[in-house]
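Peer 1: prediction below, plus the sequence it came from.
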Amino acid sequence: MSPSKRQKSSKKKKRSTAPGPGATDSSTANATASEQDDPNDPGSRSHTKGLSEHLFVPVDGASTNLFRVVFGVVMGWSSLQIALGDSIENRFLIAKTQFKFSGFEWVTLLPESGLRAAAWILVFSALGIALGRFSRICAGAFAVAYGYFLMVEKAHYNNHDYLIFLLACLLVVVPEPRRSKAWGAGAIPGWALWLLRFQIAVPYFFGAIAKINWDWLVRAEPMTTWLRSGGADDFGFAWLRSTASAQFFSWSGFLLDLLVVPALLWRRTRIPAYILITMFHLINSQIFSIGVFPWLMIGATTLFFDPSWPRRLKLAAGSFEPRTVRLGETQRLVGTALLALWVGVQCLLPLRHWLYPGPVDWTEEGHTFAWRMKIRDKSGELQFLLVESDGTRTIVQDAERMFTKVQREMMRHDPQMIRQAAHYLAERLEEAGRRGFEVRVLSSISFNGRPRQQFIDPESNLLSFDENDSARNWIVPLQPAP
């Protein structure tokens with residue numbers, strides 16, 4: 001064959017392999033799939049790409065789909081216990097008032113029928129999430145109902161419920177692999193996987209940041225107080241009461257929170273890290289009354305594995321056949337900006353306490369929605385004092401009966417809740433015909449093992465403050481540790 005004929009033949013072959021408009025470039029898809037075999041690996045070729053390109057590369061959706069099932073099953077079981085049990089009565093119906101989050105005073109308590117309807121919405125929406133039937137719509141319904149229960153009563157707030165609410169919100173926008181045909185069979189965009197990983201990593205990282213303080217790392221408080229107040233002696237574990245034990249548990253907790261996410265992202269340490277964090281959650285399930293949360297986190301942490309791991313264990317149906325998706329520059333920029341907005345809010349919200357003076361764990365300003373878990377202990381007494389216009393002072397003896405046990409316990413921590421309680425007490429007294437009085441508080445609180453001190457200024461009339469006032473106007477500054 002002459003050189004000219006060979007050149008023409010070569011050109012024909014090149015033209016025959018070029019993909020047509022809108023077709024999937026199989027070689028590119030295969031290369032993309034190869035790059036995404038382990039998106040955790042820092043040495044992966046996909047990690048050398050620009051951020052925007054990396055976020056919009058298709059990855060296997062098997063692990064996110066399995067997480068969706070785990071979330072639906074676990075939260076469905078938890079919601080069923082709420083719907084059929086006495087949780088609604090104990091949390092809401094027996095309370096005479098509700099304590100509000102600042103800015104969310106408009107969230108009011110529904111009647112019993114409305115509360116139980118909301119609980120059943122949780123049950124059926126969680127079932128839809130698990131079954132993959134309109135799961136994004138179901139995730140939206142779940143997020144609204146769960147968010148309502150989260151925000152309607154401040155006394156019952158905990159970071160676990162907050163994380164569950166955030167994950168439900170993300171499941172609204174994370175594509176379903178079997179429906180996201182634009183990315184290929186069984187594929188989702190990379191941002192969906194990394195966004196879920198990010199949200200699960202946030203509590204660990206900011207939990208570690210919150211522990212960087214003198215009390216936790218040097219005084220080993222409140223761990224020392226908790227270990228010495230427990231029943232360790234009764235079970236032959238008197239050694240737990242030692243200072244060395246408290247230091248060990250304090251530093252172990254800090255290092256676990258700080259290092260577990262990097263260890264999960266690195267292939268060589270991923271399995272040991274997963275075993276360690278699983279043991280941590282199992283221990284917590286036995287020590288604390290935190291419901292199904294440990295089991296949810298054990299399942300959620302598998303998102304840090306290679307995204308195709310369920311497919312290898314035959315836990316995912318179908319195949320993974322990614323395709324090249326060519327997004328316009330505007331689409332990429334808008335998508336990246338929305339992701340950056342979510343990430344920015346999640347990173348800045350836990351740091352907002354720096355805007356307020358005083359230790360956040362004492363003032364409680366910026367404490368909620370900030371992943372400050374189990375890092376402070378407040379114990380002591382509160383008494384409401386009525387000061388009449390003629391100077392007569394009377395301690396309100398039955399004030400505690402106006403609030404539930406949980407409300408009373410949480411009130412000791414939060415000066416804003418104390419202010420709300422004072423206003424509620426005044427409303428009841430005014431309904432009984434009392435006028436022209438002030439409501440003050442006598443307090444004696446121990447913070448992280450310190451000697452007791454006043455928490456609320458006994459000369460402050462709490463009725464003169466509202467929800468727009470900072471708590472520093474009526475609390476006493478924290479005294480230094482001895």
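Peer 2: Received it, and whenever you're ready, just let me know what you need.

Peer 1: mind listing what the residue nearest to the spatial centre of the chain touches?
Peer 2: Nearest to the mean C-alpha position of the chain, by CA atoms, centre = their mean, lies residue 163 at 2.3 Å. Neighbour list for residue 163: 199, 203 [criterion: CB atoms under 8 Å, 6 or more residues apart in numbering]. In short, each C-beta sits where N, CA and C put it, glycine included.

Peer 1: so how far is residue 346 from it?
Peer 2: The spacing between residue 163 and residue 346, counted by CB to CB, to the nearest Å, is 11 Å.

Peer 1: which neighbours do these two share?
Peer 2: The contact lists of residue 163 and residue 346 share residue 199, where a contact means CB under 8 Å, 6+ apart.

Peer 1: residue 268: neighbouring residues, count only.
Peer 2: Residues lying near residue 268 (other CB atoms under 10 Å) number 8.

Peer 1: same thing with residue 253?
Peer 2: Residue 253, neighbours per other CB under 10 Å, totals 19.

Peer 1: not counting residues beside it along the chain, what's closest to it?
Peer 2: Closest residue to residue 253 apart from its sequence neighbours, by CB to CB, 6 or more residues apart in numbering: residue 211 at 6.7 Å.

Peer 1: do the same with residue 461
Peer 2: residue 438 (4.0 Å).

Peer 1: where's the one you found, which helix or strand?
Peer 2: Here residue 438 is covered by strand 437-447, with elements defined by DSSP states H and E.

Peer 1: list the buried residues in that strand.
Peer 2: For strand 437-447, a neighbour-count test (16 or more other CB atoms under 10 Å) marks 437-441, 443, 445, 447 as buried.

Peer 1: for the residues you listed, give me JSON lines that also has distance to residue 116 and pLDDT.
Peer 2: Compiled in JSON lines, the buried residues of strand 437-447 are given as follows (distance: CB to CB, whole Å; pLDDT from 0 to 100):
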{"residue": "437", "distance to residue 116": "39", "pLDDT": "95"}
{"residue": "438", "distance to residue 116": "40", "pLDDT": "96"}
{"residue": "439", "distance to residue 116": "35", "pLDDT": "96"}
{"residue": "440", "distance to residue 116": "40", "pLDDT": "97"}
{"residue": "441", "distance to residue 116": "36", "pLDDT": "96"}
{"residue": "443", "distance to residue 116": "38", "pLDDT": "95"}
{"residue": "445", "distance to residue 116": "37", "pLDDT": "96"}
{"residue": "447", "distance to residue 116": "39", "pLDDT": "96"}
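
Peer 1: save these as JSON lines, and put in distance to residue 124 too.
Peer 2: JSON lines is the format used below for these (distance: CB to CB, whole Å):
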{"residue": "437", "distance to residue 124": "49"}
{"residue": "438", "distance to residue 124": "50"}
{"residue": "439", "distance to residue 124": "45"}
{"residue": "440", "distance to residue 124": "49"}
{"residue": "441", "distance to residue 124": "44"}
{"residue": "443", "distance to residue 124": "45"}
{"residue": "445", "distance to residue 124": "44"}
{"residue": "447", "distance to residue 124": "44"}
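
Peer 1: and these, which is closest to residue 304?
Peer 2: Nearest to residue 304 among the buried residues of strand 437-447, counting by CB to CB, is residue 447 at 36.3 Å.

Peer 1: correct me if wrong: the closest one contacts residue 362.
Peer 2: Yes. Taking CB atoms under 8 Å as the definition, residue 447 is a contact partner of residue 362 at 6.1 Å.

Peer 1: for residue 368, what are its contacts?
Peer 2: 101, 154, 157.

Peer 1: how many residues are close by the last one?
Peer 2: Same thing as residue 157. Neighbour count for residue 157, taken as other CB under 10 Å: 18.

Peer 1: quick check: closest non-adjacent residue to it.
Peer 2: residue 368 (5.8 Å).

Peer 1: now do the SS call for the one you found.
Peer 2: Per DSSP: H, G, I helix; E, B strand; the rest coil, the secondary structure class of residue 368 is coil.

Peer 1: and it, how far is that from residue 81?
Peer 2: Separation of residue 368 from residue 81 (CB to CB): 25 Å.

Peer 1: for whichever strand or helix holds residue 59, name the packing helices and strands.
Peer 2: Using DSSP H and E, residue 59 maps to strand 58-60. When contacts are defined as 3 or more CB pairs under 8 Å, 6 or more residues apart in numbering; DSSP states H and E, strand 58-60 sits against strand 187-189, helix 190-210, strand 321-322.

Peer 1: could you pull out the buried residues of the following helix or strand past the longest one?
Peer 2: The element immediately downstream of helix 190-210 (helix or strand, assigned by DSSP H and E) is helix 214-217. Within helix 214-217, the residues that count as buried by 16+ other CB under 10 Å are 215-216.
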